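Chemist: Got a predicted model here, sequence first, then my questions.
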Amino acid sequence: MHRVAYVWIPHFVAEIERQRLGTQTRSLLVCDGTRVLGTCAQASALDVREGDSLHQALTRCPDAHVIQGNRSLYQEVWEQILEALGQHSPLVEEETWGMAYLDAGGTSALYGSETSWCQAVRQEVQQSARMQAQLGVAGSKFTAQVAAKSCTSSSGYQIVSQDDRSYLSSLPVDWLPLPVETHRRLHLLGIRTIGRFASLPAPAIAEQFGTQNLQAHRWARGKDNRPLVGHSPRIWEAHLEFDVPETRREPLLAALVAASRQVLDDLKRGLLAVQRICMRVRLFGGETLERSTWIGNMLGPRKLRTVLKSFLDSLKGDDLGIVEIWIRLTGLKAWEGRQLSLFAQQKSHLRLEETLRKLAQKHSPGCVARVCTADPDALLVGNQYRLAGYGQ
Amino acid sequence: MAQNESRTEQLAQTITAIEKRWGSRAIHKARQPRLEVVPLTLSTGFQKVDQALGIGGLPQGRIIELIGSGTAGQVTLAAKTLCQAQRAGQQVVYVDVDHAVDLDSLDRCGVSLDSLVVLRPFSFVHALEMTRDLLKEGGVGVIVLDRVHNPRLLAENGAFRQFDRALREWTPILSRSLCSLIVLTETPSLSLYPRGSPLPHFASVRLFLEWQSWLYRGHWLSGFSSRVTVAKNKTGPPRQSVLINIIITNHVRGE
C-alpha cells in the first residue's frame, strides 16, 4: 500500500534563532538583506509572510525583533534533521527547510502501527534539533501535506485512514493551491469545500477557470500521482582502528588522508560538494572526542588535509594515544559551481562591474585592481595571486 | 467637504513624495506608531566584539572607524568583516592607499580573493575622490579604507578639510545604500589621536584596538591577544571592552 508522510516544522528558521538567542517573548523576524526569511508564530498571526519586504513586515509587526539570517546554519540543522529522518524511512524527499516527504509504506510491520512510527519520527526530530514537528500520513503527497498542516491535536500527527478524496471533501477550498482570482470566483459561486470543487467536471474547470487549475482539481479528487524522489546518499564514513594506541600526529594524518583518497576521487568525479566533516576519536583511556566543521563546498585533497590536521591539532595534549577514528562527510550534494553562484548575485555583480568600468575610465585602469592567479602551485598564497589593473 | 478631501489627498501625495525622496523614516504621523527599526548588522567574525557592540555586529550603512597601531589587529578585524560580508553575498572593495595590501593575510582571514576589488589611488585625496565615485555609482556592500596615517602631513595639506567635506557628502549615501565604510586609522593611543580629523564626529562606531600580549603554543608563537574598546557607539552601549585572541595558523582564527 502506497503511503506518504509529510513532516512539517512550523517556523523552522525562527525556531533556530529563538534557540540560539534564548528569547521566547518578543516576536521575531529573520531577514536576508531586506527580505523576510522566516517569521515566528506571533508575526505570522499578524500576516507577515516569508518573502515580504522588511519595511512591509515591520509595518504589520512593529514590535518585532529583527535579526539577519544565517543560511548556512539553517541548512546545517536541516541536514541533521534529514539525516535523522532517513533512519526511519527508506525515501526522504526534501521540499524546503522544515518540510519533507517520507515514504511511510510498510512502517506498520516494523513499528507495530503507523501511530508508533509517527511518534518515533517526532521524537527523532525533537532529539536531533529540539523542535516540534507535525506529521501527516496519507495515500498521496497533497493529502499528507494538508493532514500535517491542519493537524490541531496535541499528538502532533494526523493519520488519514480513509481514502484521500473523502478526507479532503469536507475541508475548505482554501487549502488548494489555486490562483487568488480562482479562489475569489469560487467563493462568489458558493463553492466553499474541496468536495464541492472535486465534484465539478474537469472540462468545466478548464473552460471556466483555465487549464492551469486542472492539477489542483485532480488533487482534490485524491489523484495526486507525484512520485517520491529520494535523494542520493548524503553520508560517507571511514573507520580506522589501531592495535597499538597511536600518539604521533603525522602517521595519523597520513592514514586518514589515505583512507579518504577513494572518496575524494568519487566526489571529484560526481562534482559533489560536502557540507560538513566530522571526526570522532576514541582515546586509549576510553574517552571519546568529537570535532566537526562546516565546509559547504568542493573538497580537495589539500583542504581535507588541512581540516583533518586542524582536528588532530585541536585534540588536547600530545601524549594521548588514539585507538579508533571515525571520519564522516555529510551533506554530499551536487556542487553549484562558481558559474551558478555568480548568477545568484548577478544583479549586484553586474552593477559593481559597471561601477568599476566607470572608475577605470575616469581615473586609471591601474587604480582599479582585481586579484588574478599568478602561480597556482606556489606555496605562499601571496605568490599564488597578483593584482592586475582593470581590463588588463 | 470636497475641499477637505482634496487637501487630505494633497497631503497624502506630499507625504508619499517625501518618503520616496528621503526614505520611510523621514516623516510619520504623530498618531502612527513609530517603527522600531533595528539596524541591519554585519558580523565582525569575532563573537565577543559582536556582543560588545550590542546589536550583534557592525551597523550597515554607517561609517566605522578602527583605531590602533601596528599589530593591534585592525586589518584582521576588517578582513574578517569583509569575509562575513562576502558570505552574506555582498560585494566588497578594499581601498589600498599605501599600495601595501597583503593578499596572503586577507586569504588567511577567509576573504574570497576572486571577488575582491582593490582600489589603488595615488594619494589620500585621490582615495577620497575614488571612494566618492564608487559610492555614487553604488553596487558595493562594504568598503575598507586602509588607512589614515601620518596625520600631521594630512592636516598640513588640508586633506582633513577635504575628508570632512567628503564624509558630510557620503553619510546620506551610505545610509541609503546600506553600504558600510570601514576606515582604519593608525595611532598608538587615543590621546595621540590626530586633531582635526572629522572621523570622531561622523563615525557611528569607533573601535580602539590595543595589542596586549603574544600567544604561544609550546615554544611557538601562535598569535596575539588584543583589547578592543568601543570608543563610540551610536547604535548600542559604548565603553565596552573585550579581549580577543587572534590565532594565526593556516587560517586566522578569532576567539
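Modeler: Alright, I've got the coordinates.

Chemist: Against chain B, how distant is A:R276?
Modeler: 16 Å (CB to the nearest CB, to the nearest Å). For glycine as for every other residue, the C-beta is placed from the backbone atoms N, C-alpha and C.

Chemist: The closest residue to A:G86 other than its chain neighbours: what's it in contact with?
Modeler: Nearest residue to A:G86 in three dimensions, chain neighbours excluded: A:V92, at 5.2 Å (CB to CB, 6 or more residues apart in numbering or on different chains). By CB atoms under 8 Å, 6 or more residues apart in numbering or on different chains, the residues touching A:V92 are A:82, A:85-86, A:100-103, A:230-231.

Chemist: Could you tell me which of those are located in strands?
Modeler: Using DSSP state E, A:100-103 are the members of those that sit in strands.

Chemist: from those, which are also near chain B?
Modeler: Counting by CB under 8 Å from any CB of the partner chain, the subset of these that neighbours chain B is empty.

Chemist: Throw those residues into JSON lines and include pLDDT and neighbour count, thanks.
Modeler: Listed next are those as JSON lines, based on pLDDT from 0 to 100; neighbours: other CB atoms under 10 Å in any protein chain shown:
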{"residue": "A:A100", "pLDDT": "92", "neighbour count": "23"}
{"residue": "A:Y101", "pLDDT": "92", "neighbour count": "24"}
{"residue": "A:L102", "pLDDT": "91", "neighbour count": "26"}
{"residue": "A:D103", "pLDDT": "89", "neighbour count": "18"}
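
Chemist: Return the member of these nearest to A:L200.
Modeler: Among the ones in strands among the contacts of A:V92, A:Y101 lies closest to A:L200 (CB to CB), at 27.8 Å.

Chemist: What's opposite that closest one in the beta bridge?
Modeler: Counting by DSSP bridges, A:Y101 is bridged to A:Y6, A:E93.

Chemist: separation between it and B:F202?
Modeler: 54 Å (CB to CB, to the nearest Å).

Chemist: can you check A:I159 too?
Modeler: In terms of CB to CB, A:I159 sits 63 Å off from B:F202.

Chemist: Report the mean per-residue pLDDT for stretch A:177-187.
Modeler: Stretch A:177-187 shows a mean pLDDT of 89.

Chemist: Render the CA-only coordinates of it in PDB, please.
Modeler: The C-alpha coordinates for stretch A:177-187 follow below in PDB (Å, rounded to 0.1, in the frame of the first residue of the first chain):
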ATOM      1  CA  PRO A 177      -3.000  25.800  -4.400                       C
ATOM      2  CA  LEU A 178      -5.200  27.900  -6.800                       C
ATOM      3  CA  PRO A 179      -4.600  31.400  -8.000                       C
ATOM      4  CA  VAL A 180      -6.200  34.200  -6.000                       C
ATOM      5  CA  GLU A 181      -8.600  35.000  -8.800                       C
ATOM      6  CA  THR A 182      -9.800  31.400  -8.900                       C
ATOM      7  CA  HIS A 183     -10.300  31.400  -5.100                       C
ATOM      8  CA  ARG A 184     -12.300  34.700  -5.400                       C
ATOM      9  CA  ARG A 185     -14.600  33.300  -8.100                       C
ATOM     10  CA  LEU A 186     -15.100  30.000  -6.300                       C
ATOM     11  CA  HIS A 187     -16.300  32.000  -3.200                       C
END
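
Chemist: Do you know the pLDDT at A:C278?
Modeler: pLDDT, A:C278: 82.

Chemist: ditto for B:V144
Modeler: Predicted confidence (pLDDT) for B:V144: 94.

Chemist: Equivalent analysis for A:G317, please.
Modeler: 57.

Chemist: do A:H231 as well
Modeler: 66.

Chemist: Look at stretch B:52-63 and report the distance between its end residues.
Modeler: Start and end residues of stretch B:52-63 are separated by 17 Å (CA to CA, to the nearest Å).

Chemist: Quick check: mean pLDDT of it?
Modeler: On average, stretch B:52-63 scores 89.

Chemist: give me the number of residues near the residue of the stretch 101-250 of chain A found nearest chain B?
Modeler: Of all residues in the stretch 101-250 of chain A, A:R249 sits closest to chain B, at 13.2 Å by CB to the nearest CB. Neighbour count of A:R249, defined by other CB atoms under 10 Å in any protein chain shown: 14.

Chemist: Which residue is the nearest non-sequential neighbour of it?
Modeler: A:L312 (5.0 Å).

Chemist: and for the helix or strand that neighbour falls within, what are the contacting residues?
Modeler: Using DSSP states H and E, A:L312 sits within helix A:301-314. Contact with helix A:301-314 is made by A:249, A:252-253, A:256-257, A:260-261, A:264, A:277, A:279, A:291, A:293, A:295, A:327, B:249-251, as judged by CB under 8 Å, 6+ apart.

Chemist: what's the average pLDDT for the helix or strand containing A:S348?
Modeler: Using DSSP H and E, A:S348 falls within helix A:346-362. The average pLDDT for helix A:346-362 rounds to 82.

Chemist: could you point out which element follows it?
Modeler: Next along the chain after helix A:346-362, taking DSSP H and E as the criterion, comes strand A:368-373.

Chemist: That following strand near chain B at all?
Modeler: Yes. Taking CB under 8 Å from any CB as the criterion, strand A:368-373 and chain B are in contact, through A:368-371.

Chemist: how many other residues sit next to B:R217?
Modeler: Residues lying near B:R217 (other CB under 10 Å) number 11.

Chemist: Tell me which stretches of the stretch 101-250 of chain A form helices.
Modeler: A:107-111, A:114-129, A:141-149, A:164-169, A:180-188, A:194-198, A:202-209, A:214-220, A:249-269 (DSSP state H, counting those that start in this stretch).

Chemist: can you tell me which two in the ones in strands among the contacts of A:V92 are farthest apart?
Modeler: The distance between the two most remote of the ones in strands among the contacts of A:V92 (CB to CB) is 11.0 Å, for A:A100 and A:D103.

Chemist: For the stretch 101-250 of chain B, list the residues in contact with chain A, please.
Modeler: B:101-104, B:107-108, B:113-114, B:116-122, B:126, B:129-130, B:133-134, B:137-141, B:178, B:249-250.

Chemist: Could you tell me which of those residues are located in helices?
Modeler: Counted as lying in helices by DSSP state H, out of those, are B:103-104, B:107-108, B:126, B:129-130, B:133-134, B:137.
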